[in-house]
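Q: I'll drop the sequence and a predicted model, then ask my questions.
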Amino acid sequence: MKLLTKEKKAAVRQVMYLSIPAILAEISSIIMQYIDAAMVGHIGAHATAAIGLVSTTTWLIGGLCISSATGFSVQIAQLCGAKRYEDASGVFKQALKCCMVFGLLLMGAALAVSRPLPSLLRGDRALYDDASAYFFIFALALPFEQLRYVCGSALQCSGNMKTPSILNTLLCVLDVLFNTLFIFGLDMGVKGAALGTAASEVCISLLMFFFAAFKSDTLSFRIGGSGRLTGSCLKTALRIAIPSAFEHTIMCAAYVATTYIAAPLGTVSLAANSLAVTAESLCYMPGYGIGSAATTLVGQSIGAGDKAKAKSYANICVIMGMLIMAVSGIIMFFISPFVFTLLTSSAEVAALGTLVLRIEVFAEPLYGASIVCAGALRGAGDTLLPSIMSLISMWGVRITSSVFLVRIMGLKGMWIAMCGELCFRGIIFLIRLMRGKWLDIKLKI
């Protein structure tokens, strides 16, 4: 029993060792969003609504970038667990080739829809020009965003959480500096916010590439792994990435759908919805940090052939995620009025945002369960069934109930639907994890 206790303590320390840098990176990312929202929010509700109108679409595209990187990073985690470092370096090289081509294709598609997008989302006509300009600039930076995701996830799955965390924190600092220059110094408003984010993305993506390709002990080009595209690597990447991309697509498409549902409620509701989503992200980003650690630890344990350790790491990560997000939800309930005074100068937007956010924080513990469970399952290569579960949850529960409740209760009804759906999703993901069938998945790498 004492030996088991020591093993558990060692596992908890390892989870914390990988989770803390990832959590800090996620929190720094959210701080960047807070800063963006605050800078734009103090221009006025119009600017906030313009960015909020297209923000869910940017999340959709960002999710596709993450998915393409995930198809390779899970392989890297398992290869590092098996101490096959030369093969891990080879997979990283293949990831760079494939994902950068994908990033360029995404950029072309995003540029093509940038002009009609605000109209397609039923936004107020007064928002069209600013919303389109913001999305256009976002599209131009997509190849660099894709590069950051590929290199960052590869470093994380190789066990290096520190470097991506530091660089993602620096991303926030640069974003503040560039935003200050473009939004206020050059008086560019919404366009300045987009340019500030794009400029910081370019700088950090190049640094991330440098550390992954030339400084990493497991990924560096000098290790000598072949970067020639191989059928087995690509097939495994697609096996992981396609369900993951499907999941991100249906999730973010659902977010787009909620924007579509909320848009007719008016500028105040649209701005309040956008800022409430930003404010809530401070609660759930620690969950994503622990989820990243779960992907790495489970992936490396599976690669080493130790299923018991993989299951133990998964359980520890889920418990930690639920506890941290429960605490963050309680804190957010009480500080939300103050948070909204930082994000907007509109009292009406702040009041409505506070109201809807306080509804949703009750779902944070189970939301945390779904996030971390998904990360653990991803480390084992289990992405297909979780994507189907997300589809059922988002479209069968959230969107259906939102359409009904928004007619009765306005924006408040949509956030009640969100709260219920997040609880449902957490429960079904916990059931999937506890059954343990994901431990028997085998990847050909």
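A: Nice, I can see it.

Q: Verify the contact between G63 and I250 for me.
A: No - G63 is beyond contact range of I250, at 9.8 Å (criterion: C-beta atoms under 8 Å). C-betas here are computed from N, CA, C, even on glycine.

Q: Now for those two: what residues contact both?
A: Residues touching both G63 and I250 (C-beta atoms under 8 Å, 6 or more residues apart in numbering): none.

Q: and the nearest residue to G321 once chain neighbours are set aside, what is it in contact with?
A: Nearest non-adjacent residue to G321, counting by C-beta to C-beta, 6 or more residues apart in numbering: V372, 3.7 Å away. Applying C-beta under 8 Å, 6+ apart, one finds that V372 lies in contact with 287, 290-291, 294, 317-318, 320-322.

Q: Output the residues you listed in CSV, with secondary structure and distance to S89 appended to each entry.
A: What follows is the contacts of V372, written out as CSV (DSSP: H, G, I helix; E, B strand; the rest coil; distance: C-beta to C-beta, whole Å):
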residue, secondary structure, distance to S89
G287, helix, 31
I290, helix, 27
G291, helix, 25
A294, helix, 24
C317, helix, 27
V318, helix, 31
M320, helix, 31
G321, helix, 31
M322, helix, 36
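
Q: Pass me the low-pLDDT residue ranges in the stretch 301-445 of the chain, would you?
A: 443-445 (pLDDT under 70).

Q: at 80 instead, please
A: The stretch 301-445 of the chain contains residues with pLDDT under 80 at 304, 342-345, 441-445.

Q: returning to that earlier point: and the residue nearest to G321, what helix or strand is that in?
A: helix 364-379 (DSSP states H and E).

Q: quick one: that helix to chain centroid distance?
A: Centre-to-centre, helix 364-379 and its host chain are 12 Å apart (C-alpha atoms, centre = their mean, to the nearest Å).

Q: Give the next helix or strand downstream of it.
A: Later in the chain than helix 364-379, the nearest helix or strand by DSSP H and E is helix 384-393.

Q: same for that following helix, what does it pack against?
A: Helices and strands touching helix 384-393, by 3 or more C-beta pairs under 8 Å, 6 or more residues apart in numbering; DSSP states H and E, are helix 231-262, helix 364-379, helix 411-435.

Q: rerun that using 6 Å as the cut-off
A: Here helix 384-393 touches helix 231-262, helix 411-435, going by 3 or more C-beta pairs under 6 Å, 6 or more residues apart in numbering; DSSP states H and E.

Q: out of those, nearest to R84?
A: Among those, helix 231-262 comes nearest to R84, with 12.4 Å by C-beta to C-beta.

Q: Would you mark the buried spots in the closest one?
A: Within helix 231-262, the residues that count as buried by 16 or more other C-beta atoms under 10 Å are 233, 236-237, 239-262.

Q: next one: stretch 126-134
A: 127-128, 130-134.

Q: Could you list which of those belong to helices?
A: Among the buried residues of stretch 126-134, the ones falling in helices (DSSP state H) are 128, 130-134.

Q: Report the buried residues of the strand or helix carrying A271.
A: In the assignment (DSSP H and E), A271 maps to helix 267-303. Buried residues in helix 267-303, counted by 16+ other C-beta under 10 Å: 267-303.

Q: Could you do stretch 323-333 as well?
A: For stretch 323-333, by 16+ other C-beta under 10 Å, it's 324-326, 328-329, 332-333.

Q: Just name the closest of these to V101, please.
A: Using C-beta to C-beta, M325 is the member of the buried residues of stretch 323-333 that lies nearest V101, at 36.4 Å.

Q: Just give the closest residue to the closest one, not the sequence neighbours.
A: Nearest one to M325, counting by C-beta to C-beta, 6+ apart, is G368 at 3.4 Å.

Q: Check whether that neighbour really touches L323, as I assumed.
A: No - assessed by C-beta atoms under 6 Å, G368 is found out of contact with L323, at 8.1 Å.

Q: Quick check: neighbours shared by those two?
A: Listed as contacting both G368 and L323 by C-beta atoms under 6 Å, 6 or more residues apart in numbering is no residue at all.

Q: Show the contacting residues for A88.
A: Applying C-beta under 6 Å, 6+ apart to A88 gives the contacts 76, 79-80, 218.

Q: Report pLDDT for it.
A: Note on A88: pLDDT of 86.

Q: Just give me how far the helix or strand where it lies sits from the chain centre.
A: Using DSSP H and E, A88 falls within helix 85-113. Computed by C-alpha atoms, centre = their mean, the chain-centroid distance of helix 85-113 equals 18 Å.

Q: returning to what we had before: need the helices and strands packed on helix 384-393 in CSV with distance to F178, can you?
A: As requested, those are arranged in CSV below (distance: least, C-beta to C-beta, whole Å):
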stretch, distance to F178
helix 231-262, 25
helix 411-435, 32
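
Q: who wins for proximity to F404 among those?
A: Of all these, helix 411-435 sits nearest to F404, with 7.8 Å by C-beta to C-beta.

Q: Would you indicate which residues of that closest one are buried?
A: For helix 411-435, burial by neighbour count (16+ other C-beta under 10 Å) applies to 411-426, 428-430, 432-433.

Q: repeat for stretch 183-198
A: Neighbour-count burial for stretch 183-198 flags 183, 188-198 (criterion: 16+ other C-beta under 10 Å).

Q: Identify the farthest-apart pair in those.
A: Across those, the two members that end up farthest from each other (C-beta to C-beta) are G189 and A198, 15.0 Å apart.

Q: For T278, see how far away L174 is.
A: 19 Å (C-beta to C-beta, to the nearest Å).

Q: Also D306?
A: Remark: distance between D306 and T278 (C-beta to C-beta) = 40 Å.

Q: ok and the helix or strand harbouring S153 relative to helix 85-113, angle-wise?
A: Take DSSP H and E as the rule and S153 turns out to sit in helix 142-157. Helix 142-157 runs at 150 degrees relative to helix 85-113, counting by axes from the mean of the first three to the mean of the last three C-alpha atoms, to 10 degrees.

Q: from what I can see G192 touches F182, true?
A: Yes - counting by C-beta under 6 Å, G192 does reach F182; the two are 3.2 Å apart.
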